[in-house]
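>>> give me the fold of what follows.
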Amino acid sequence: MGRLADASANLEAATEEVVAKNRLVGAKVDATGELVELKFHTQAYRDMAPTELAAAITEVVNKARSQMAERVTEAYSPFMPDVAGAQEIMNGELDPLKLLDRLGIPSDDPRQ
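The predicted model follows:
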């Protein structure tokens with residue numbers, strides 16, 4: 001199996017889990033960033049204001065997604081072209097016109 005296929009296979013079953021500092025809630029995401037598990041480790045959430053609980057859940061889910069994105073970026077960065085950064089591609093921030101410019105290809109950019 002090739003290195004790219006190995007990287008993909010390793011990520012296929014990968015998950016990233018984050019537990020809040022207060023151990024109240026934990027979130028697990030898969031390699032696509034989808035939430036696959038949400039756990040409440042105590043009953044303390046019952047006494048929380050809805051906005052406080054929502055903030056705690058949002059924080060652990062976002063942190064788990066961020067950690068997984070870093071993991072995916074690391075796994076695929078050796079296969080990315082030198083003219084485009086893996087982080088830029090993974091975050092959806094790659095500007096096709098700038099990429100053409102980096103490659104030395106005229107883009108006929110109407111914005112110029």
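>>> buried stuff in the longest helix seen in the chain?
Scanning the chain for the helix with the most residues, using DSSP state H, yields helix 50-76. Neighbour counts over helix 50-76 (16 or more other Cβ atoms under 10 Å) mark 53, 56-57, 60-61, 63-65, 68-69, 71-73, 75-76 as buried. Heads up, the C-betas are built off the backbone N, CA and C, glycines and all.
>>> and the most centrally placed residue in the chain, what pLDDT?
The centroid of the chain falls nearest to Ala69 when counting by Cα atoms, centre = their mean (2.6 Å). The per-residue pLDDT reported for Ala69 equals 88.
>>> do the same with Ser107
66.
>>> just the one 5 residues further on next, same as before
Per-residue confidence for Gln112 comes out at a pLDDT of 51.
>>> where does the closest residue to Val19 other than its chain neighbours sit, in terms of helix or strand?
The shortest distance from Val19 to any non-neighbouring residue, by Cβ to Cβ, 6 or more residues apart in numbering, is to Gly26 (4.1 Å). Using DSSP states H and E, Gly26 maps to strand 25-30.
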